[in-house]
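Trainee: the following comprises the amino acid sequence and a computationally predicted model.
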Amino acid sequence: MNSDSKVTPLRPKRPCPECGKPSARDTFPFCSTRCKDIDLNRWLKGAYVISARDNEEEPDNDGPK
């Protein structure tokens, strides 16, 4: 192999979603285990919520007819 060839990264570099520092490979997309644990704690406490759309109808639970 040629030493001048560049390796294409598998993921684009992004800032850490918690603190904005550059992300680390071991804890992607976070910069550290600390930021990763902070995010996990928010998920476990229910701080992140995926809301349903109001225009979705309730599923029909009567079963097959």
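Mentor: Looks like it arrived, so ask away.
Trainee: helices of this structure, start to end?
Mentor: Under the criterion DSSP state H, the chain contains helices at 33-45.
Trainee: low-confidence ranges, it, go.
Mentor: Residues of the chain that meet the criterion pLDDT under 70 lie in 1-5, 9, 11, 56-65.
Trainee: so which residue is smack in the middle of this protein?
Mentor: residue 29 (7.2 Å; C-alpha atoms, centre = their mean).
Trainee: leaving out chain neighbours, which residue sits closest to that one?
Mentor: Using C-beta to C-beta, 6 or more residues apart in numbering and skipping the chain neighbours, the partner closest in space to residue 29 is residue 23 (5.0 Å). Heads up, the C-betas are built off the backbone N, CA and C, glycines and all.
Trainee: is it true that that neighbour touches residue 35?
Mentor: No. Look at residue 23 against residue 35 with C-beta atoms under 8 Å: they stay out of range, at 9.1 Å.
Trainee: overlap in contacts of those two?
Mentor: residue 16 (C-beta atoms under 8 Å, 6 or more residues apart in numbering).
Trainee: now do the residue nearest to residue 29 against residue 34, distance only.
Mentor: According to C-beta to C-beta, to the nearest Å, residue 23 stands 13 Å off from residue 34.
Trainee: residue contacts, residue 16?
Mentor: Counted by C-beta under 8 Å, 6+ apart, residue 16 has contacts 22, 23, 29, 30, 31, 32, 35.
Trainee: next up, the contacts around the fourth one.
Mentor: Listed by C-beta under 8 Å, 6+ apart, the contact partners of residue 30 are 16, 17, 18, 23, 24, 36, 39.
Trainee: hmm, back to that, tally up the residues packed near the residue nearest to residue 29, please.
Mentor: Neighbourhood size, residue 23 [other C-beta atoms under 10 Å]: 19.
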